[in-house]
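[1] Would you be able to build a 3D model of this:
(one chain, ligands or ions: 2)
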Amino acid sequence: MNNYRQQDIEHVVKDRGLLYPIDVLVVGAAGTGKSSTINALMNSAVAKVGEGADPETQMISSHLLHKYLRFHDSAGLGDGLEADKRHSKAIIEKLCLPCTVNEQQYGFIDLVLVILDGGSRDLGTAMQLLEHVVMKNISADRVVVAINQADAAMEGRHWRQHLKQPDYQLAQFLNQKAHLVQQRLRDGAGKTITLPICYSAYHGYQLAHLMDALIAQFPHQRRALPRKWFFGDKFACPKCTIC
Ligand SMILES: Nc1nc2c(ncn2[C@@H]2O[C@H](COP(=O)(O)OP(=O)(O)OP(=O)(O)O)[C@@H](O)[C@H]2O)c(=O)[nH]1
Ligand SMILES: [Mg+2]
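    Residues are numbered from 1 along each chain as shown. Ligands and ions are numbered 1, 2, ... in the order given. Sure thing, here's the model as predicted:
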């Protein structure tokens, strides 16, 4: 990560009196590239990437980029009812996890990054996850939706391999897809999100743009929880640097 970005993040966090690190929970359907995205953003192979058809990540794991920003990689949905229930429960628990400072509870997770698969026509699992799990437990202004695998969106056609970017036709297609996702969330859940970024974790396409989108959506205040939660003493203050 560029130095200026780390400084930007530090300024925003301190100016706004936010607790740090800013915690970003990364969610999505199985195999969309959640772990690959974290690795690409961190420029390091911290999260295990899947190789075959089986889902890879099974439990939520945390990766600290630096003092002010941390990612949490979650298990993908869409791998059977039982597994989905288990993984959704883990996501909801994480979203409801409190961080207690001066006897006041704040939400531990600050932002959710929802990753969709640009190569798939089926947005059903991702939409379910967004509407029924994510949006029910965190406000829409704390949700960033992004579309990975931009290179595979038109079955690999129109991707200019040598330039590692889409041609005009694929760029148009991706732009339409981003608008479609935005529209479906508006119609289905009545929620407004910023236009999803289309990127490729694998090829490094638009990654800087994705990081900018995350930083642009950093909260303006600490996240209040809708009700008091108690998860036991070991979770009393999970932000590592504030107290
Ligand atoms: N073509 C292409 N493949 C990608 C891209 N990003 C990730 N992949 C591939 O997609 C597969 C799944 O990637 P992961 O990062 O493990 O996906 P995940 O969402 O963490 O998967 P689970 O943990 O199983 O839910 C791997 O084979 C990656 O190499 C991309 O931008 N383009
Ligand atoms: Mg994974």
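
[2] what about the strands in this protein?
    Remark: strands assigned in the chain by DSSP state E are 22-28, 61-66, 69-73, 98-101, 104-107, 111-117, 143-148, 159-160, 165-166, 197-198.

[3] Could you point out which of those strands sits nearest Asn175?
    strand 197-198 (7.5 Å; C-beta to C-beta). Backbone N, C-alpha and C define where each C-beta goes, glycine included.

[4] tell me how far the ends of stretch 112-122 are from each other?
    21 Å (C-alpha to C-alpha, to the nearest Å).

[5] Need the contact partners of that stretch.
    24-29, 31-34, 37, 71, 95, 123, 126, 129-130, 134, 138, 142-150, 152-153, 155, 174, 177, 181, 196, 198, 214 (C-beta atoms under 8 Å, 6 or more residues apart in numbering).

[6] Now do the longest helix anywhere in the chain and strand 143-148, the angle between them.
    The longest helix of the chain (DSSP state H) is helix 168-189. Orientation check (axes from the mean of the first three to the mean of the last three C-alpha atoms, to 10 degrees): helix 168-189 against strand 143-148 gives 150 degrees.

[7] Please name every helix or strand in contact with helix 168-189.
    helix 124-128, strand 143-148, strand 197-198 (3 or more C-beta pairs under 8 Å, 6 or more residues apart in numbering; DSSP states H and E).

[8] Let me know which of the ones you listed is the nearest to ligand 1.
    Nearest to ligand 1 among the helices and strands packed on helix 168-189 is strand 143-148; the distance by C-beta to the nearest ligand atom comes to 5.1 Å.

[9] rewinding a little: is the longest helix of the chain up against ligand 1 anywhere?
    No - Helix 168-189 lies apart from ligand 1 when judged by C-beta under 6 Å from any ligand atom; the minimum separation is 12.1 Å.

[10] from this protein, which residue is nearest to ligand 1?
    Nearest to ligand 1 in the chain, going by C-beta to the nearest ligand atom, is Gly76, at a distance of 2.4 Å.

[11] ok, that residue - how many residues close by?
    Gly76: 28 surrounding residues under other C-beta atoms under 10 Å.

[12] who does the residue nearest the centre of the chain bridge with?
    Note on the chain: the residue nearest the mean C-alpha position is Leu113, at 1.6 Å, using C-alpha atoms, centre = their mean. In this entry, Leu113 is beta-bridged to Val26, Val144, by DSSP bridges.

[13] how far away is it from ligand 2?
    13 Å (C-beta to the ion, to the nearest Å).

[14] burial of Gln58, as a residue count?
    Neighbours around Gln58, by other C-beta under 10 Å: 15.

[15] phi, psi of it?
    Reported as degrees, to the nearest 10, the phi and psi values for Gln58 are phi -110, psi -30.

[16] That one reaches Ala75, doesn't it?
    Yes - using C-beta atoms under 8 Å, Gln58 is in contact with Ala75, at 5.3 Å.

[17] on that earlier part again, which residues are in contact with the residue of the chain closest to ligand 1?
    28-32, 34, 55, 57, 87.

[18] can you do 10 Å?
    Gly76 sits next to 27-35, 50, 55-58, 83-84, 87, 115, 117, 125-126, 129 when contact means C-beta atoms under 10 Å, 6 or more residues apart in numbering.

[19] which non-adjacent residue is nearest it?
    Spatial nearest neighbour of Gly76, excluding adjacent residues (C-beta to C-beta, 6 or more residues apart in numbering): Ala30 at 3.1 Å.

[20] What of Pro98?
    Nearest residue to Pro98 in three dimensions, chain neighbours excluded: Gln105, at 4.1 Å (C-beta to C-beta, 6+ apart).
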